[in-house]
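> below are the sequence and a predicted model for it; my questions follow.
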Amino acid sequence: MMNQPKAGETKKIEPTKSELEILKVLWEHGPSPVRLVMEEINKIRELNYTATLKLMQLMVDKGILKRDESKMQHIYHVVEDENKTREYLLDKFLDNLYNGSAASLMMQLAGNKKTSKEDLKKMRDLLDRLENEE
């Protein structure tokens, strides 16, 4: 499901879980052929070549990826910058689960048993830095 863009905004595409797996591979490895993407995903879960190719072709149709057909082996590139995609998805997550409250998200993260002392220190340092900027 795609949201209608506001005036002056480009239309944002919300990648599926499988599409995010592909994006992560391309963000890490840069523009790549289908085979490399498939091999990286197969380190996590099994996905055959045909299924990977079909997903990546759909992502091209949706405008998430571009395909360079200038060489024998087609190379796929991510259209949107990684940080922009992460920021957009985080905003959607924050709005949908925490009513837009970053404080609620931070409190949940800080109280999470998986949050290490090192992560808490990084959060504290970030909060201190943001506070000092005001």
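Okay, I see it.
> the helix or strand of the chain with the lowest mean pLDDT: what's the following helix or strand?
Lowest mean confidence among the helices and strands of the chain (mean pLDDT, DSSP states H and E): helix 102-111, at a mean of 85. Once the chain leaves helix 102-111, the next helix or strand it forms, by DSSP states H and E, is helix 117-133.
> walk me through the domains of the chain.
Domain assignment for the chain, taken from automatic domain parsing, gives 17-78, 101-134.
> report the buried residues of the least confident helix or strand of the chain.
Buried residues in helix 102-111, counting neighbours by 16 or more other Cβ atoms under 10 Å, are absent. Glycine gets a C-beta too; all of them are placed from N, C-alpha and C.
> who's in contact with that helix?
94, 97-98, 115, 119-120, 123 (Cβ atoms under 8 Å, 6 or more residues apart in numbering).
> and the furthest pair within these?
97 and 120 (21.1 Å; Cβ to Cβ).
> next one: the least confident helix or strand of the chain to chain centre, how far?
With Cα atoms, centre = their mean, to the nearest Å as the basis, the distance from the averaged C-alpha position of helix 102-111 to the chain average is 21 Å.
> what about the strands in this structure?
65-68, 75-78 (DSSP state E).
> name the residues linked to residue 66 by a beta bridge.
Beta-bridge partners for residue 66, by DSSP bridges, are residue 77.
> burial count for it?
When neighbours are defined as other Cβ atoms under 10 Å, residue 66 has 14 of them.
> and it, what is it in contact with?
Residues near residue 66 by Cβ under 8 Å, 6+ apart: 60, 76-79.
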